[in-house]
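Engineer: any chance you can model this:
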Amino acid sequence: MTRKTFLPFSPPSISEDEIKEVVDTLRSDWLTTGPKTKRFEEAFRERLGSPAALALNSCTAALHLGLAALGVGRGDEVITTTMTFAASANIIEHLGGRPVLVDVEPDTLNIDPAQVEEKITTRTKVILPVHFAGHPAAMDQIFELAGDNNLGVLEDAAHALPAVYRGKAIGSGDNPAAFSFYATKNLTTAEGGMLTGSEELLEQARVLSLHGMSRDAWKRYEQGGSWYYEVVSPGYKYNMTDIQAALGLHQLRRLEGFQRRRGEVVRAYNDAFSGCEALELPVERAEVEHAWHLYVLRLRPEALTIDRDQFIRELESRNIGTSVHFIPVHLHPYYRDKYGYAAGDFPVAYENYRRLLSLPLSPRLTNEDLADVIEAVLQVVKRNWR
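Structural biologist: So this is what the prediction gives:
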């Protein structure tokens, strides 16, 4: 039986605590970057065990500042994966660098370290791994390659809160890591992001994040602050507001509960789909704790009479929302045309892209919602079994 209302792919979970905190901010003297942003930075830093944290208006801003602080400029190469959102490559272009794309590992769909090694040249400056869907990339190999070749590492951790790799939280190291707090993420501030890393690196990023000014705006305007500032670099406008941070403070406190529910949803999906020959389930390697930002299901085309796009349409007709993560970077016209890519240049990413979809995954999913998703997926499979 088709459910009566549409189930969004990833609705946010906002409680009265977040709403009250936002209202408190609106009634205060600080709306933009101020004391709540500082509290959020410190709470986030403590949660991950990071050396330092900088709250920003997006993960894209965090990636941009991370690369800038690592010294990426015109003519530099940054190696990253094609299996990511375009922002991971766009920020390299913004700095005048060249994104050097590589293919992914078949099980996790994370960047393939062996192919990273093949692409390192004298122009390579940084390796930018993406923790796809919340599963950490093979960071031991990435760091070894970076160390051997004197390269920086910037982690695109947009999906990776609160993932763990070999007992250490993603974002707990000295190298920069960029997190997203977009509306669909495991923790949301509606829009927003965080950059973690060493204190030295983040001090550079902090100056760049607000017009290159030598003094934070909120320090200038608080009681006893000085109006005087100097622009020491042509920076950007990437600061987080206290309104956003008000959401983040309570979302962070609820993160453990969010993750428990995500784990319950994932286990229910795995139990329901594990015996179905038409479906390939996501993996979780032994050395990681998956953040489960996404539940990416892969169809086995040889078992079905329909393709991925028709499968999505049939789920939508049953009021089940889905998404596709991602259209590989090399397929987008800008990158395809500028660098002359063909669809099959990255065969693992391309083949998997054509058969994957992301099912609803959110702490807000009820058991009834979960049952509706499972029933709909299995109905579509049964109806279109080859």
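
Engineer: residues contacting the strand or helix carrying residue 267, please?
Structural biologist: If you go by DSSP states H and E, residue 267 is part of helix 255-273. Residues outside helix 255-273 that contact it (CB atoms under 8 Å, 6 or more residues apart in numbering): 13, 47, 161-162, 186-187, 251, 279, 281, 291-292, 295, 297, 359, 361-363, 365, 370, 373-374, 377-378. No exception for glycine: its C-beta is placed from N, CA and C like everyone else's.

Engineer: narrow these to those in strands?
Structural biologist: The strands, defined by DSSP state E, take in 279, 295, 297, 359 from the contacts of helix 255-273.

Engineer: between the residues you listed, which is nearest residue 145?
Structural biologist: The closest of those to residue 145 turns out to be residue 295 (CB to CB; 30.0 Å).

Engineer: count of neighbours near that closest one?
Structural biologist: For residue 295, the neighbour count with other CB atoms under 10 Å is 22.

Engineer: surely it touches residue 357?
Structural biologist: No - the criterion here is CB atoms under 8 Å, and residue 295 misses it with residue 357 at 9.6 Å.

Engineer: okay, domains of this structure per the record?
Structural biologist: Under the assignment automatic domain parsing, the domains of the chain span 16-253, 255-383.

Engineer: ok, which of those domains comes nearest residue 5?
Structural biologist: For residue 5, the closest of those is domain 255-383, at 6.3 Å, according to CB to CB.

Engineer: roughly how far is the closest one from the heart of the chain?
Structural biologist: 16 Å (CA atoms, centre = their mean, to the nearest Å).

Engineer: cool, and stretch 36-48?
Structural biologist: 19 Å.

Engineer: what about dumping the CA coordinates of it to PDB?
Structural biologist: What follows is stretch 36-48, C-alpha atoms only, in PDB (Å, rounded to 0.1, in the frame of the first residue of the first chain):
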ATOM      1  CA  LYS A  36      27.500  31.900  20.700                       C
ATOM      2  CA  THR A  37      29.600  31.300  17.700                       C
ATOM      3  CA  LYS A  38      32.700  31.200  20.000                       C
ATOM      4  CA  ARG A  39      30.800  28.800  22.300                       C
ATOM      5  CA  PHE A  40      29.900  26.600  19.400                       C
ATOM      6  CA  GLU A  41      33.500  26.500  18.100                       C
ATOM      7  CA  GLU A  42      34.800  25.500  21.500                       C
ATOM      8  CA  ALA A  43      32.100  22.800  22.000                       C
ATOM      9  CA  PHE A  44      32.800  21.400  18.600                       C
ATOM     10  CA  ARG A  45      36.500  21.400  19.200                       C
ATOM     11  CA  GLU A  46      36.100  19.500  22.500                       C
ATOM     12  CA  ARG A  47      33.600  17.000  20.900                       C
ATOM     13  CA  LEU A  48      36.200  16.000  18.300                       C
END
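
Engineer: quick revisit: report the buried residues of the helix holding residue 267.
Structural biologist: Residues of helix 255-273 classed as buried: 255, 258-259, 261-262, 265-266, 268-269, 272-273 (neighbour count, 16 or more other CB atoms under 10 Å).

Engineer: cool, stretch 180-188 as well?
Structural biologist: Quick answer for stretch 180-188 (16+ other CB under 10 Å): 180-182, 184-188.

Engineer: in TSV, list those residues along with distance to residue 139 and pLDDT.
Structural biologist: TSV is the format used below for those (distance: CB to CB, whole Å; pLDDT from 0 to 100):
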residue	distance to residue 139	pLDDT
180	19	98
181	22	98
182	23	98
184	24	97
185	21	98
186	19	98
187	21	98
188	25	98
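
Engineer: need the residues you listed in JSON lines (columns: distance to residue 383).
Structural biologist: JSON lines is the format used below for these (distance: CB to CB, whole Å):
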{"residue": "180", "distance to residue 383": "36"}
{"residue": "181", "distance to residue 383": "39"}
{"residue": "182", "distance to residue 383": "34"}
{"residue": "184", "distance to residue 383": "29"}
{"residue": "185", "distance to residue 383": "33"}
{"residue": "186", "distance to residue 383": "33"}
{"residue": "187", "distance to residue 383": "37"}
{"residue": "188", "distance to residue 383": "35"}
